[in-house]
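Colleague: Just a sequence and a predicted model for now, questions to come.
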Amino acid sequence: MVAKQFNISWMLIMVFFYTFLLLLACTDDAKQPTYAKDIAPIIYKYCTPCHRPTQPGHYNFTNYQQVASNAEKILYVVRNNQMPPWPADADYTHFVNEQVLSRDEKKLLETWVSLKCPMGDSSKIPPLPTFGNGSMLGEPDKRIAVKPIALEGNFRDRFLLIKVPYELANDTLIRAVEFVPGNTRVVHHVNGDMVRFDFDKKQNVFDGEWVSDMKLDSTIQMAYKKIGVLHDDESYPTLIKSIVNYLPGVIAQQYPDGIGGWKANKKNAFLLADLHYGPSEINTWDSSYINIFFAKNIPYRPLKEFQMGTLGVSKIEPALIIPPDKITSYTSKYTIDKDISILTVNPHMHLLGKSFKAYALTPQQDTIRLIHIPRWDFNWQFFYTFKKMLKIPAGSTIVVEGVFDNTSNNPFNPHHPPREVRDNNGSMRTTDEMFQFIVTYLPYETGDENRSLAR
């Protein structure tokens, strides 16, 4: 009887022991990240929007095989904060659509790679996100083709001024404009404006050659006349700045209904004032286009903008003359005379840029943080929109600080050996320099600081 009880007790102990091991194993499995459960959502959120067919990413990350075979590369660029591209310091200021992996997300990725990239239960892989066909914003109300451009395979940059004319049946309010590159391998960036023609002063918006090479046409007046931007009497139409912009990875700016927007007349054109094509080793073509999204017929607050630094409202101190073999610092300051609500900021430098910081000092000497980019990268220049409007009180001084590295240690320095570099009156050439800070704002209204800018 005793032996029988002993056997039963021993069996119960063994059952308990194996159950414990099974639970422990399950717990360990739950702690081990897998592609299906943990990594796919991270990749789909931060990587796939650019790393998929027709987009500028050099690798496609739309399935397990593509991600696992490049796992070490992905981990390297994530550890070094090179990807996803978000130069702004997230510990300094936060913005809408911030592309920054959390510490937990980075840890998951590191552990997954160290475990040799386990797939997990493939049936649990989330579906690939649905991306817009030809747009990151949705179905446009109007799509306009940019004149196709032939590019020689001569390893040279090209900077073009292009008119993109269009007509509307009625005067219309536009809420967003999106530039979509046709050839993502060569289109580097675009800064574009909108031209509103007076109906009686412009008979044909489609006249002119449409394209001007910014290195060949010596004056803006000559270029505008060549591409047909002027009125028929050669007077200047209304020019609305910074309507359409593009950089790889950047989604076209749009604000909540009632904020921003631009009035378009019946006769208009977009003026791509700085369409930059990067060097190509082969002869190729670009056939880009522009999407227009109309606004609801409701009252809206039109945007305002000022630009500090090069060609702006505030001078650079000292003058932007960057000596060779030195790291030098420059500042620009601008005092506002009315309360404003800042929506978006855009820092800009060229290849010698090293770091960028902007903040506002109130009359009480309180500091309002705007943006800090500790490691400048010419290839990633965003328009940063705050999560909520940022009130800057009257009498505040906006301070911009830039550091430039004109030494041989700067891998992006275009000159070997280094030589003196200037801004050359706002030259667009990347081998010259710029130091700019563009601020998009509204006159302040009560409650703006609580108004979300997420759409």
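Modeller: The structure has been received and is ready for your questions. The model shown is predicted, which means the values in this text are computed figures rather than measured ones.
Colleague: How is the protein divided into domains?
Modeller: The chain breaks down into these domains under automatic domain parsing: 32-124, 142-300, 305-450.
Colleague: can I get the ones you listed in a markdown table with distance to residue 130 and mean neighbour count?
Modeller: The C-beta positions use only the backbone N, C-alpha and C, and glycine is treated the same way. Formatted as a markdown table, the domains of the chain follow (distance: least, CB to CB, whole Å; neighbours: other CB atoms under 10 Å):
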| stretch | distance to residue 130 | mean neighbour count |
| --- | --- | --- |
| domain 32-124 | 11 | 16 |
| domain 142-300 | 15 | 17 |
| domain 305-450 | 24 | 17 |
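Colleague: which one of the ones you listed has the lowest average pLDDT?
Modeller: Sorting the domains of the chain by mean pLDDT places domain 142-300 lowest, at a mean of 89.
Colleague: Need the distance between the two termini of it.
Modeller: Domain 142-300 has an end-to-end distance of 21 Å (criterion: CA to CA, to the nearest Å).
Colleague: could you show me where the helices are in this structure, in order?
Modeller: For the chain, applying DSSP state H gives helices covering 2-31, 40-46, 64-69, 71-79, 103-114, 220-227.
Colleague: between the domains of the chain, which gets nearest to residue 131?
Modeller: Each of those has some distance to residue 131 by CB to CB; the shortest is domain 32-124, at 6.9 Å.
Colleague: Distance to residue 132 for the domains of the chain - can I get that in a markdown table?
Modeller: As requested, the domains of the chain are arranged in a markdown table below (distance: least, CB to CB, whole Å):
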| stretch | distance to residue 132 |
| --- | --- |
| domain 32-124 | 10 |
| domain 142-300 | 9 |
| domain 305-450 | 19 |
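Colleague: Out of those domains, which is closest to residue 136?
Modeller: Closest among the domains of the chain, using CB to CB: domain 142-300, at 4.9 Å.
Colleague: Confirm for me that residue 421 is in contact with residue 353.
Modeller: No: contact criterion CB atoms under 8 Å: residue 421 and residue 353 do not qualify, at 11.2 Å.
Colleague: Give the residues shared as contacts by those two.
Modeller: By the contact definition CB atoms under 8 Å, 6 or more residues apart in numbering, residue 421 and residue 353 are jointly contacted by residue 433.
Colleague: how close does residue 308 sit to residue 392?
Modeller: Computed as CB to CB, to the nearest Å, the residue 308 to residue 392 distance reads 13 Å.
Colleague: Which neighbours do these two have in common?
Modeller: By CB under 8 Å, 6+ apart, residue 308 and residue 392 have these common neighbours: residue 398.
Colleague: OK, contacts around residue 35?
Modeller: With CB under 8 Å, 6+ apart, residue 35 has these contacts: 64, 67-68, 112, 117-120, 125.
Colleague: List just the nearest of those to residue 40.
Modeller: Nearest member of those to residue 40, counting by CB to CB, is residue 125, at 5.4 Å.
Colleague: Let me see the contact set for that closest one.
Modeller: So residue 125 contacts 35-36, 40, 64 (CB under 8 Å, 6+ apart).
Colleague: Is it correct that residue 306 is in contact with residue 313?
Modeller: Yes: contact between residue 306 and residue 313 holds when scored by CB under 8 Å: they sit 5.3 Å apart.
Colleague: what is in contact with those two at once?
Modeller: Joint contacts of residue 306 and residue 313 (CB under 8 Å, 6+ apart) are residue 334.
Colleague: I'd like the distance between residue 103 and residue 312.
Modeller: 38 Å.
Colleague: what do you get for residue 72?
Modeller: 44 Å.
Colleague: go on, residue 436?
Modeller: 6 Å.
Colleague: likewise residue 356?
Modeller: 15 Å.
Colleague: who touches the nearest residue to residue 61 once chain neighbours are set aside in this structure?
Modeller: Of all residues not flanking residue 61 in the chain, residue 51 sits nearest, at 4.2 Å (CB to CB, 6 or more residues apart in numbering). For residue 51, the contact set (CB under 8 Å, 6+ apart) comprises 57-62.
Colleague: Next, give phi and psi for residue 51.
Modeller: With angles defined as degrees, to the nearest 10, residue 51 sits at phi -100, psi 70.
Colleague: and the nearest residue to residue 142 once chain neighbours are set aside, how far is that from residue 252?
Modeller: Counting by CB to CB, 6+ apart, residue 292 is the residue found nearest to residue 142 once chain neighbours are left out, at 4.3 Å. Distance of residue 292 to residue 252, given as CB to CB: 11 Å.
Colleague: joint contacts of those two?
Modeller: In contact with both residue 292 and residue 252: 176-177, using CB under 8 Å, 6+ apart.
Colleague: Tell me the spacing between the residue nearest to residue 54 when sequence neighbours are not counted and residue 289.
Modeller: Distance criterion CB to CB, 6+ apart; nearest residue to residue 54, sequence neighbours excluded, is residue 184 at 7.4 Å. In this view, residue 184 and residue 289 are 13 Å apart by CB to CB.
Colleague: Same question for residue 164.
Modeller: Distance from residue 164 to residue 289, counting by CB to CB: 9 Å.
Colleague: Show me the common contact partners of those two, please.
Modeller: 144, 146.
Colleague: Return the residues in contact with residue 391.
Modeller: 339-341, 444, 448-449.
Colleague: Ignoring the adjacent residues along the chain, who's closest to residue 243?
Modeller: residue 194 (4.3 Å).
Colleague: That neighbour pairs with what?
Modeller: Legend: beta-bridge partners of residue 194 under DSSP bridges are residue 240, residue 270.
Colleague: Surely it and residue 262 touch.
Modeller: Yes: using CB under 8 Å, residue 194 makes contact with residue 262 at a distance of 6.1 Å.
Colleague: Show me the common contact partners of these two, please.
Modeller: Listed as contacting both residue 194 and residue 262 by CB under 8 Å, 6+ apart are 177, 240, 243.
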